[in-house]
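Enquirer: sequence and computational prediction follow.
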Amino acid sequence: MSDVWDVIVVGAGIVGSACALECAKRGLRTAVVEGRGVGSGATAAGMGHIVVMDDSPAQMALTHYSRTLWADLSGNLPADVEYEACGTLWVASDEEEMQEVRRKSAVYTSAGVATEILDSQMLSDAEPNLRQPLAGALLVPRDAVLYPPCAAAFLLGGALRQGARLYSRKALSAGAGIVRLDDGTDLHAARIVNAGGTEASELLPGLPIRKRKGHLVITDRYPRFVRHQLVELGYLKSAHSLKSDSVAFNVQPRRTGQILIGSSRQYEAEHSAVDAKIVDSMIERAQWYMPQIGALSAIRVWTGFRAATPDKLPLIGPSPADESMFLATGHEGLGITTSLGTARLLVDHLQGIQTKIPIEPYLPGRFAGSEAHA
Ligand SMILES: Cc1cc2nc3c(=O)[nH]c(=O)nc-3n(C[C@H](O)[C@H](O)[C@H](O)COP(=O)(O)OP(=O)(O)OC[C@H]3O[C@@H](n4cnc5c(N)ncnc54)[C@H](O)[C@@H]3O)c2cc1C
């Protein structure tokens, strides 16, 4: 086997796996370097909500594009990926939040995303275990859920079947067209894709990425207790918060009948240990919305780290610091959703093909000149 490749992808989380598949499908000789296990980083910790979000026009464009790609792929996904187009319900607790439902609906509609406004009774019919009465909700019917580690394994498996090769080693350095592995092997390629998630800056110091810790709880099997991905509208306040700790009601039905309960966001929390106080406040929040949820049996709690950028958009495209290096990282809480769109944008850009949506908002060069590329 040659150690000279067209593209080397460092990192086989869901983003690197999607990039590897896209490269291999287009006939590029592709190597993938993964130091731990495929889909074992943030991808293993993620919730797997495939969601259109309207934080900014650029976020809306990438999440919508990516959700469409997931829907297109869904017929080919194996059962273990557990893809379900269950839809999202953005739950409004009062009239003020219903105004937000109407605003959101108008924004989604103008972007071509189907939504439906549910009143209090319709919401209670759709989700009988929610607290009653609540004011209503925005239903986004084509949003979906999936099981992220199996999705990453499926994407990488596709890349390997198309001729890509996996090096199960840590990359010690990457740059100037060379990736050095921890067994001393040098891999060569004109293009290196750094998809190292929160660790991307170990290979390219100075990237504008901060770790943002999250906790999740999973219950035993309670089929139909929850039917849609349920998110409180206050979730947006939590996701926007620059304060260290925030929690929001965010609950997901798994195909197994299990219920995934989220979610928390913490900066300056570098340790992966479970913080009981955070879990308590997540459960308390969930119980406010679903009074019976506290009576269910939780079987596991875990944490993971999102790779957050200052403007909440990922870094996709060439690095201003190294000609051979392309970035595919910084996806914060949306990397499962946006993995497929990221891969298309990145590889289109790399091959000089017109991208389907403008790539400019995600180009790493937007931070050039700041401390980002010191
Ligand atoms: C609690 C929580 C809930 C979330 N929920 C959702 C959700 O519902 N929907 C959604 O869209 N997103 C969600 N996310 C975000 C999502 O999980 C991440 O954005 C996504 O998994 C990032 O994927 P990645 O491939 O960039 O990173 P990772 O999955 O972290 O993969 C990076 C990989 O690179 C490897 N690597 C790094 N450096 C090297 C090196 N030097 N050599 C070799 N290998 C290396 C690592 O071992 C790792 O496997 C959530 C995240 C968390 C923490």
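Expert: Cool, got the structure.
Enquirer: where does this protein have its least confident helix or strand?
Expert: Within the chain, no helix or strand scores below helix 234-240, which has a mean of 63 by mean pLDDT, DSSP states H and E.
Enquirer: next SSE downstream of that helix?
Expert: Proceeding N to C from helix 234-240, the next assigned helix or strand is strand 245-253, under DSSP states H and E.
Enquirer: may I see the buried residues of that following strand?
Expert: D245, S246, V247, A248, F249, N250, V251, Q252, P253 (16 or more other Cβ atoms under 10 Å). C-beta: built from backbone N, CA, C; applies to glycine.
Enquirer: what's the next secondary structure element after it?
Expert: Beyond strand 245-253 in the direction of the C-terminus, DSSP H and E gives the next helix or strand as strand 258-266.
Enquirer: ok and that following strand relative to strand 245-253, angle-wise?
Expert: On the basis of axes from the mean of the first three to the mean of the last three Cα atoms, to 10 degrees, strand 258-266 is oriented at 160 degrees to strand 245-253.
Enquirer: L345: which element?
Expert: If you go by DSSP H and E, L345 is part of helix 335-350.
Enquirer: oh, that last question was meant for C19, not what I typed.
Expert: If you go by DSSP H and E, C19 is part of helix 14-25.
Enquirer: list the contacts of that helix.
Expert: Residues from elsewhere that reach helix 14-25 (Cβ atoms under 8 Å, 6 or more residues apart in numbering): 6-7, 9-10, 12, 30, 32, 34, 38-39, 43, 46, 148, 151-153, 155-156, 158-160, 162-164, 193, 195-197, 328-329, 331, 335-336, 339-340, 342-344, 346-347.
Enquirer: near the ligand too, which of those?
Expert: Residues of the contacts of helix 14-25 in contact with the ligand (Cβ under 6 Å from any ligand atom): V10, A12, E34, T43, G46, A195, G196, G197, T329, H331, G335, I336.
Enquirer: buried subset of these, written for ChimeraX?
Expert: Entered in ChimeraX, the line below selects the buried ones among those, by 16+ other Cβ under 10 Å:
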select :10,12,34,43,46,195,196,197,329,331,335,336
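Enquirer: and the closest residue to the ligand within the stretch 251-374 of the chain, how far from S17?
Expert: Residue nearest to the ligand within the stretch 251-374 of the chain: G335 (2.1 Å; Cβ to the nearest ligand atom). When distance is defined by Cβ to Cβ, to the nearest Å, G335 is 11 Å away from S17.
Enquirer: go on, Y83?
Expert: When distance is defined by Cβ to Cβ, Y83 is 16 Å away from S17.
Enquirer: settle it for me: which of these two has more neighbours?
Expert: The neighbour count for Y83 versus S17, taken as other Cβ atoms under 10 Å, is higher for S17 (32 against 23).
Enquirer: before we move on, the earlier item: show me what the next helix-or-strand element following the helix holding C19 is packed up against.
Expert: Next along the chain after helix 14-25, taking DSSP H and E as the criterion, comes strand 30-33. For strand 30-33, the packing partners by 3 or more Cβ pairs under 8 Å, 6 or more residues apart in numbering; DSSP states H and E come out as strand 4-10, helix 14-25, helix 148-161, strand 165-167, strand 178-181, strand 186-194.
Enquirer: chain center to the fifth one, what's the gap?
Expert: If you compare the mean C-alpha spot of strand 178-181 with that of the full chain, they lie 27 Å apart, counting by Cα atoms, centre = their mean, to the nearest Å.
Enquirer: buried residues, it. List them.
Expert: For strand 178-181, the neighbour count (16+ other Cβ under 10 Å) marks V179, R180, L181 as buried.
Enquirer: shouldn't the last one be in contact with R169?
Expert: Yes: taking contact to mean Cβ atoms under 8 Å, the distance of 4.2 Å between L181 and R169 places them in contact.
Enquirer: mutual contacts of the two, please.
Expert: V33.
Enquirer: for the residue positioned nearest the centre of the chain, which non-adjacent residue is closest in space?
Expert: The structure's the chain has its C-alpha centroid closest to G335; by Cα atoms, centre = their mean the separation is 2.2 Å. With sequence-adjacent residues excluded and distances taken as Cβ to Cβ, 6 or more residues apart in numbering, G335 is closest to V15, at 5.6 Å.
Enquirer: so where is the stretch 151-300 of the chain shaky, pLDDT-wise?
Expert: Within the stretch 151-300 of the chain, the stretches with pLDDT under 70 are 235-244.
Enquirer: residue numbers of it in contact with the ligand?
Expert: When proximity is defined by Cβ under 6 Å from any ligand atom, the stretch 151-300 of the chain lies next to the ligand at K170, A171, A195, G196, G197, E199, E202, L203, G214, L216, S263.
Enquirer: phi first, then psi, for the fourth one.
Expert: The one in question is G196. Main-chain dihedrals, G196, degrees, to the nearest 10: phi -90, psi 10.
Enquirer: could you measure from it over to L21?
Expert: To L21, G196 is 18 Å away according to Cβ to Cβ.
Enquirer: cool, and the third one?
Expert: Between A195 and L21 the distance is 12 Å, computed by Cβ to Cβ.
Enquirer: re earlier: how about the residues of the stretch 151-300 of the chain next to the ligand in CSV, adding secondary structure?
Expert: Listed next are these as CSV, based on DSSP: H, G, I helix; E, B strand; the rest coil:
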residue, secondary structure
K170, coil
A171, strand
A195, coil
G196, coil
G197, helix
E199, helix
E202, helix
L203, helix
G214, strand
L216, strand
S263, strand
